[in-house]
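Q: Build me a model:
(chains A and B, ligands or ions: 2)
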Amino acid sequence: MENVVMEVKDFSFVYPGAEKPSLKKITLPVEENKITAMIGPSGCGKSTLLRSMNRIHDLYPGNTYEGEINLYHRDGTKENILKLKKENDFIRLRQEVGMIFQKPTPFPMSIFDNVAYGLRLAGIKNKSELQDRVEAALKGAAIWKETKDRLGESALGMSGGQQQRLCIARAVALKPRVLLFDEPTSALDPISTGAIEELISELKSEVSVVIVTHNMQQASRLSDYTAFMYLGELIEYDKTETIFLNPSEKLTEDYITGRFG
Amino acid sequence: MGGKLFRNFSFFSATLSFFLLLGIFAVLFHYAQDAIHTFGIDFLWTDTWEADEDDEGGVFGGLIPIVGTLLSTLIAMLIATPMAMGIAIFLTEIASEKVAKPVSIAIELLAAIPSIIYGMWGLFYFAPIVQKTVGGDGVGLLTAGIVLAIMIIPFMASITRDSMNTTPAVLKESAYAMGATKFEVIKDVIMPYAKGGIIGSIILALGRALGETMAVAFLIGSVMQLPKRITDPTTSIPVLLANNFAEAEGLELSSMYYLALILFVVSFIIISTAKFYFFGRKAKA
Ligand SMILES: Nc1ncnc2c1ncn2[C@@H]1O[C@H](COP(=O)(O)OP(=O)(O)OP(=O)(O)O)[C@@H](O)[C@H]1O
Ligand SMILES: [Mg+2]
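A: Ligands and ions are numbered 1, 2, ... in the order given. Purely as a prediction, here's the structure:
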């Protein structure tokens, strides 16, 4: 094993009013500069786990959880993000651990302002620095060519695939350590999907990626590690080749060969 | 079959409302002819309203009720807009569901109270308070403006809240996921997203405040004088019409139609500029 950037440890999660926990004692590393895929049938808890990793769940009150989710900072110190309570700490966490959603979510503002949004929130006011970082992020997300002449136009006028890449650019602009993707291509056509997949594999030189997907090919093409979840439990976690070619659990094999799910 | 019937019906209704608008304009214009010929555009800045002894002629000018209408509406909007936004934000983003539910219901009930009740409450309860705190006669521009504000706040707040509630959760989550605070999410995501509804509610409230008669009739003082201070009594177009329409005849009656025409045109212009402004922005956004 190489460097671990995040680590989920004995993590259980219960939604308010739910009878059973949606996640049961999950333990899972997130390797640095690698792509980790989470697969499993609908309702097994993939999104729940992902949304715990930047505490976005805590926008809604009443969730209970146990265990630890540790983030390893660049200086080597470890922080249990489940202990965070203050708004400022959440902001700091979410700048380190970005998230891209299933549907593209451009803000109702210009392309430039969308990408600059997080930077401005982070307190960057200097115009030329903003310009440079927006350009770098758009280049990093491979939409600089398409957008450089229309930075002032509304982001809502872009195609779905472009919007999703814009959302990735927006997240990349903050130079996060980890990016969480929740089925980022399930609302897109095959060509846009290809572009996003390519982009994600290029991103891994700079960030560590966790991606939830229903698409088995996508997981096998894209990821270095794969976690298979079922009914709130982590059934198996290993190198992607191992999971797809030689899984140790019968359940994993059944799922990837399409026998259920 | 049903589709066609429905289409014809909608077309009929849409055309009907257009012709109604035209028809009302034509009637007002027709009956205002005498006054328009006699006073012309000077009517707008003439501050006398006096009939001759014989009730046939006289000098009539609209300045006082026009100023009264515009100022009382302005006061109401200045108070109501920020309050309504605050209430809507509180209900959608800050209050827990346990608090938001009953408060929302209370606000909807407030919006349903007939205006005469606001007028009576304002006159007997609120006017003395205004008098004690800022002086004046109790009734006047300020009292009318504040009570007008209270009348339109619930309505504005509930429309604004409804349109804020339509902001997709995932859009808000995206902003939070970039490290936004609650305040920044409200300012950068929810307000722009709900802009249409917010402007719509302001327009409708403005229309209501401009045309409100009953409550203002109780509270503005109904005297033909230009206000020098904000607490002074004056009158407004709807109040003047309601109070004097029955007894008026001849040139005075025609002058009243002239006033009504002005109110009609002013409301129309305000609402359509607001609408155009809103659609213009929407096309760009
Ligand atoms: N807000 C909620 N309140 C209560 N239960 C919830 C809530 N959201 C999800 N659940 C439950 O938690 C479990 C896990 O849901 P989750 O959304 O994490 O699944 P998922 O693996 O992402 O599924 P999918 O592949 O369909 O997106 C499900 O049983 C679901 O019904
Ligand atoms: Mg999901």
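Q: Which stretches in the stretch 51-200 of chain B count as helices?
A: B:63-89, B:97-111, B:115-121, B:127-134, B:141-165, B:169-177, B:182-185, B:191-193, B:195-211 (DSSP state H, counting those that start in this stretch).
Q: in its sheet, what does the strand ranked longest in chain A sit against?
A: Counting by DSSP state E, the longest strand found in chain A is strand A:4-14. Under the criterion DSSP bridges, strand A:4-14 sits next to strand A:23-31 (antiparallel), strand A:64-72 (antiparallel) in its sheet.
Q: so does that strand get close to ligand 1?
A: No. Between strand A:4-14 and ligand 1, judged by CB under 6 Å from any ligand atom, nothing touches; the nearest distance is 8.4 Å. Every C-beta, even on glycine, is put in place using the N, C-alpha and C of the backbone.
Q: where are the low-confidence patches of chain B?
A: Applying pLDDT under 70 to chain B flags the ranges B:1-2, B:55, B:274, B:277-285.
Q: Quick one: name the residues of it near chain A.
A: Neighbours of chain A within chain B, by CB under 8 Å from any CB of the partner chain: B:96, B:168, B:170-182, B:184, B:188-189, B:192-193, B:284-285.
Q: can you do 10 Å?
A: Selection of chain B residues close to chain A by CB under 10 Å from any CB of the partner chain yields B:96-97, B:167-185, B:188-189, B:191-193, B:195, B:283-285.
Q: From those, list the buried ones, please.
A: For the residues of chain B next to chain A, a burial check counting by 16 or more other CB atoms under 10 Å in any protein chain shown picks out B:167, B:171-180, B:182, B:184-185, B:188-189, B:191, B:193, B:195.
Q: what's the helix or strand where B:Phe39 lies packed up against?
A: In this assignment (DSSP states H and E), B:Phe39 forms part of helix B:2-39. For helix B:2-39, the packing partners by 3 or more CB pairs under 10 Å, 6 or more residues apart in numbering or on different chains; DSSP states H and E come out as strand B:58-60, helix B:250-284.
Q: what number of residues lie near B:Ile250?
A: Actually, residue B:250 is Gly. It isn't Ile. 16 (other CB atoms under 10 Å in any protein chain shown).
Q: same question, A:Gly140
A: Neighbourhood size, A:Gly140 [other CB under 10 Å]: 20.
Q: Now the phi/psi pair for B:Pro114, please.
A: With angles defined as degrees, to the nearest 10, B:Pro114 shows backbone torsions of phi -60, psi 150.
Q: Would you mind measuring from it to B:Ala209?
A: Distance, B:Pro114 to B:Ala209, by CB to CB, to the nearest Å: 16 Å.
Q: Look at these two and report which has more neighbours.
A: B:Ala209 (24 against 9).
Q: give the contact list for the residue lying closest to A:Phe101 once chain neighbours are set aside.
A: Leaving aside its chain neighbours, A:Phe101 sits nearest to B:Val170 (5.3 Å; criterion: CB to CB, 6 or more residues apart in numbering or on different chains). Listed by CB atoms under 10 Å, 6 or more residues apart in numbering or on different chains, the contact set of B:Val170 reads A:Phe101, A:Gln102, A:Lys103, A:Pro104, A:Thr105, A:Asp182, B:Ala177.
Q: Closest one to A:Arg51 out of those, please.
A: A:Asp182 (7.6 Å; CB to CB).
Q: so the closest one bridges to which residues?
A: Beta-bridge partners, per DSSP bridges, of A:Asp182: A:Val212.
Q: burial of it, as a residue count?
A: With other CB under 10 Å as criterion, A:Asp182 counts 21.
Q: can you check the one 5 residues further on too?
A: Other residues lying near A:Ala187 total 16 when counted by other CB under 10 Å.
Q: shouldn't it be in contact with A:Pro104?
A: Yes. With contact defined as CB atoms under 10 Å, A:Ala187 and A:Pro104 form a contacting pair (7.4 Å).
Q: What's the separation between the most centrally placed residue in chain B and A:Val97?
A: In chain B, the residue lying closest to the centroid (CA atoms, centre = their mean) is B:Ala209, at 2.3 Å. B:Ala209 sits at a distance of 49 Å from A:Val97 (criterion: CB to CB).
Q: next one: B:Asp54
A: For B:Asp54, the distance to A:Val97 - CB to CB - is 86 Å.
Q: and the two? which has more neighbours close in?
A: Neighbours were counted for B:Asp54 and for A:Val97 using other CB under 10 Å; A:Val97 has more, 28 against 8.
Q: residues contacting the more buried one?
A: Shown in contact with A:Val97 (CB under 10 Å, 6+ apart): A:5-6, A:30, A:53-56, A:69, A:71, A:81, A:171, A:174, A:176-180, A:207-208, A:210, B:177.
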